[in-house]
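Participant: Here is the input, now give the coordinates:
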Amino acid sequence: MIQVIAGIPRRRSAFAAAAAVLAVSVAAAIPAAAQMGPGDMASAAGAEAPIAGGAVTRWSLAADRLGRGAANWRTQAIMHKAMHDALNAAEPRYARWAPPASDEPPADGAAPLVAMAAAAYQVLLARHPEHAPAEADGLFRDALREAPPSPAVDDGIRLGASIGLATVARHPAPIALPRPFPVGFEPGQWRPTPPFLQLGLVGDDKPMLFAGKDGAELRGPPPPGLGDDGYREAVEEVRRLGGAVSSERTEDQRNAAYFWAYQSSQRGFVHLAATLLAERPLPGGAWDEARAMSQLTAALADSFVMAWEEKRHFAFWRPVTAINQGSEGVAADPRWEALIPTPPHPDYPSGHSADCSTGARVLEGVFGTAAAPFDYPAVGAEPPASRRFATFADAADECGDSRVWAGAHFRFASEEGLRIGTVVAAKALKSVPPLAPGSARPPLVSKVSQPVSGR
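Facilitator: A predicted model of the protein is given here:
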């Protein structure tokens with residue numbers, strides 16, 4: 001049976017017994033669990049083993065599993081912004097992503113970690129009403145076990161649930177359905193590519209970090225003209241290194257091309273961040289962890305929006321089309337094939353490069369530039385695999401290069417993706433700054449404005 005409480009569907013369940021120890025008004029503030037026991041919850045959580053870590057990243061991995069194998073980027077960003085703001089409403093250490101809503105409950109005395117868990121649970125239920133309880137119930141129980149029933153717990157649940165709902169409301173899902181990319185048959189214009197000849201779709205999501213700005217304000221420079229030397233050089237590079245048959249591509253380049261091609265780099269950087277935060281705890285505990293994950297996921301959300309808006313705007317053809325068809329100064333080669341089948345959307349910019357650059361530069365800002373070697377995880381791969389890097393920049397660079405070695409992108413498409421990541425990460429890392437020591441509880445929100453470079 002589905003109930004609607006505070007405008008959000010929720011389920012009746014066995015968790016009602018645990019919730020009964022709290023005030024009735026508190027039970028209404030957060031959804032109850034689905035009708036399943038602990039064993040059922042574990043089986044529903046997915047096959048991927050959880051990463052040991054703090055309370056924040058356990059919620060990150062729960063949200064990831066709710067994506068059912070896809071990058072759950074929008075849910076991740078909304079959830080982590082709500083978690084950060086709930087913590088810093090209950091005990092302010094950093095500026096909030098958004099000021100308090102007019103109906104936000106009083107924060108004085110609220111249990112911070114309970115507020116954070118309530119905010120996360122409320123977001124997941126709003127975004128994934130049918131599946132959230134199986135993922136979120138155990139995590140919410142953990143938060144309650146850490147804080148025995150008390151008025152502080154009641155207040156924390158009310159506060160977190162309110163902030164979770166307000167954060168969801170600030171980031172509504174697009175109403176319009178996704179639309180096909182523009183198709184053209186003149187030189188330089190994108191069209192579906194072999195072997196699948198699929199027509200890609202793109203939605204109209206709005207940026208989170210650059211709220212109020214449209215695509216034209218955030219857009220980077222156009223790809224080079226077909227008559228430019230830089231374009232012809234890029235065509236020849238991908239012809240030599242990205243073909244199904246290449247005498248110049250090394251075995252390691254081939255391995256990298258396959259590794260990154262079948263990764264969701266957004267999911268990968270969320271898992272990498274969870275692993276690193278478990279291995280290298282930040283000094284501020286949950287507050288620093290919540291801040292870092294909110295910066296990372298908000299940045300990954302905006303890199304997606306910016307990259308795909310540019311893909312739609314420029315609608316530039318893929319290397320396989322450019323090489324098969326030829327153009328001014330480029331000999332046609334109808335038999336050339338890319339090493340890896342080309343994705344069904346335009347070349348410029350590379351979404352992989354944008355995601356990898358964004359994730360790498362945010363983590364560099366969190367952990368420093370000289371990171372010890374780390375393993376970048378192949379999320380969901382069979383069998384599990386990873387690639388080892390000395391620095392975050394190395395991972396971003398290889399990710400961008402790999403798209404050329406795969407035959408999927410021109411060099412300039414990868415470079416534009418790297419530029420997007422640099423801009424978005426810089427904006428994220430300047431958001432939610434620390435509060436001055438001893439400052440009062442203000443309705444602070446970050447208002448950093450960073451100009452977008454590379455016009």
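
Participant: how about low-confidence regions in the stretch 51-200 of the chain?
Facilitator: For the stretch 51-200 of the chain, the stretches flagged by pLDDT under 70 are 51-53.

Participant: Tell me where it has strands.
Facilitator: Taking DSSP state E, counting those that start in this stretch, the strands of the stretch 51-200 of the chain run over residues 179-180.

Participant: ditto for the stretch 301-450 of the chain
Facilitator: For the stretch 301-450 of the chain, the strands defined by DSSP E, counting those that start in this stretch cover 374-377, 386-389.

Participant: Pick the most deeply packed of those.
Facilitator: strand 374-377 (a mean of 21; mean count of other Cβ atoms under 10 Å). C-beta coordinates here come from the backbone N, C-alpha and C atoms, glycine included.

Participant: Partner strands of that strand and their direction?
Facilitator: Sheet pairing of strand 374-377 (DSSP bridges) gives strand 386-389 (antiparallel).

Participant: what sits against the closest residue to residue 325 other than its chain neighbours?
Facilitator: What sits nearest to residue 325 in space, not counting adjacent residues and going by Cβ to Cβ, 6 or more residues apart in numbering, is residue 332, at 5.9 Å. Taking Cβ atoms under 8 Å, 6 or more residues apart in numbering, we find residue 332 in contact with 323, 324, 325, 326.

Participant: swap in residue 316?
Facilitator: For residue 316, the contacting residues are 188, 189, 190, 223, 346, 347, 348, 413, by Cβ under 8 Å, 6+ apart.

Participant: Touching, the second one and residue 317? I think so.
Facilitator: So that's residue 189. Yes - using Cβ atoms under 8 Å, residue 189 is in contact with residue 317, at 6.0 Å.

Participant: Could you check which of those two has the larger neighbour count?
Facilitator: Shown here are residue 189 and residue 317; by other Cβ atoms under 10 Å, residue 317 has more neighbours (26 against 15).

Participant: Which segments of this protein make up each domain?
Facilitator: Under the assignment automatic domain parsing, the domains of the chain span 2-170, 184-429.

Participant: Quick one: those domains as TSV, columns for distance to residue 178 too.
Facilitator: Shown next, in TSV, are those (distance: least, Cβ to Cβ, whole Å):
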stretch	distance to residue 178
domain 2-170	13
domain 184-429	4
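
Participant: Out of the ones you listed, flag the one nearest residue 435.
Facilitator: Closest to residue 435 of those, according to Cβ to Cβ: domain 2-170, at 5.7 Å.

Participant: Leaving out chain neighbours, which residue sits closest to residue 90?
Facilitator: residue 112 (3.9 Å).

Participant: gap between the residue nearest to residue 325 and residue 81?
Facilitator: To residue 81, residue 332 is 49 Å away according to Cβ to Cβ, to the nearest Å.

Participant: Look up how far residue 147 lies from residue 185.
Facilitator: 63 Å.

Participant: the more surrounded of the two?
Facilitator: More crowded of residue 185 and residue 147, by other Cβ under 10 Å: residue 147, with 15 against 10.

Participant: give the contact list for that one.
Facilitator: Per Cβ under 8 Å, 6+ apart, neighbours of residue 147: 111, 113, 114, 153, 156.

Participant: what are the phi and psi angles of it?
Facilitator: phi -140, psi 100 (degrees, to the nearest 10).

Participant: that older thread, among the domains of the chain, single out whichever gets nearest to residue 436.
Facilitator: Nearest to residue 436 among these is domain 2-170; the distance by Cβ to Cβ comes to 10.4 Å.

Participant: what's the burial count for the residue lying closest to residue 393 once chain neighbours are set aside?
Facilitator: Closest residue to residue 393 apart from its sequence neighbours, by Cβ to Cβ, 6+ apart: residue 360 at 6.2 Å. Other residues near residue 360 come to 28 when the count uses other Cβ under 10 Å.

Participant: same thing with residue 176?
Facilitator: When neighbours are defined as other Cβ under 10 Å, residue 176 has 7 of them.

Participant: Tell me who's in contact with it.
Facilitator: Contacts of residue 176 by Cβ under 8 Å, 6+ apart are 203, 204.

Participant: The stretch 101-250 of the chain: helices as residue ranges?
Facilitator: 112-127, 132-145, 151-170, 215-218, 229-241 (DSSP state H, counting those that start in this stretch).

Participant: Turn the ones you listed into TSV, columns for distance to residue 265 and mean neighbour count.
Facilitator: Formatted as TSV, those follow (distance: least, Cβ to Cβ, whole Å; neighbours: other Cβ atoms under 10 Å):
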stretch	distance to residue 265	mean neighbour count
helix 112-127	21	29
helix 132-145	23	21
helix 151-170	25	25
helix 215-218	20	14
helix 229-241	20	17
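
Participant: Would you mind giving those as JSON lines with distance to residue 386 added?
Facilitator: Formatted as JSON lines, the helices of the stretch 101-250 of the chain follow (distance: least, Cβ to Cβ, whole Å):
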{"stretch": "helix 112-127", "distance to residue 386": "27"}
{"stretch": "helix 132-145", "distance to residue 386": "25"}
{"stretch": "helix 151-170", "distance to residue 386": "33"}
{"stretch": "helix 215-218", "distance to residue 386": "33"}
{"stretch": "helix 229-241", "distance to residue 386": "24"}
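
Participant: out of these, nearest to residue 273?
Facilitator: The minimum distance between residue 273 and those falls on helix 112-127, with 15.9 Å, by Cβ to Cβ.

Participant: and that closest one, what does it pack onto?
Facilitator: strand 8-11, helix 55-66, helix 73-90, helix 132-145, helix 151-170, helix 286-314 (3 or more Cβ pairs under 8 Å, 6 or more residues apart in numbering; DSSP states H and E).

Participant: Those: which one's closest to residue 367?
Facilitator: Once the helices and strands packed on helix 112-127 are compared by Cβ to Cβ, helix 286-314 is nearest, at 8.7 Å.

Participant: just to revisit the earlier point, which among the strands of the stretch 301-450 of the chain is found nearest to residue 69?
Facilitator: Taking Cβ to Cβ, strand 374-377 is the member of the strands of the stretch 301-450 of the chain nearest to residue 69, at 14.4 Å.

Participant: and the gap between the residue nearest to residue 414 when sequence neighbours are not counted and residue 216?
Facilitator: Among residues not flanking residue 414 along the chain, residue 400 sits closest, at 3.8 Å (Cβ to Cβ, 6+ apart). To residue 216, residue 400 is 25 Å away according to Cβ to Cβ.

Participant: Could you do residue 269 as well?
Facilitator: Noted for residue 269: a distance of 28 Å to residue 216, by Cβ to Cβ.

Participant: and if you look at residue 58?
Facilitator: From residue 58 to residue 216 the distance is 40 Å (Cβ to Cβ).

Participant: thinking residue 107 is in contact with residue 159, fair?
Facilitator: Yes - the criterion here is Cβ under 8 Å, and residue 107 meets it with residue 159 at 5.6 Å.

Participant: between the two, what contacts are shared?
Facilitator: 89, 90, 115.

Participant: List the contacts of the last one.
Facilitator: In other words, residue 115. 86, 87, 89, 90, 107, 155, 156, 157, 159, 160, 163.
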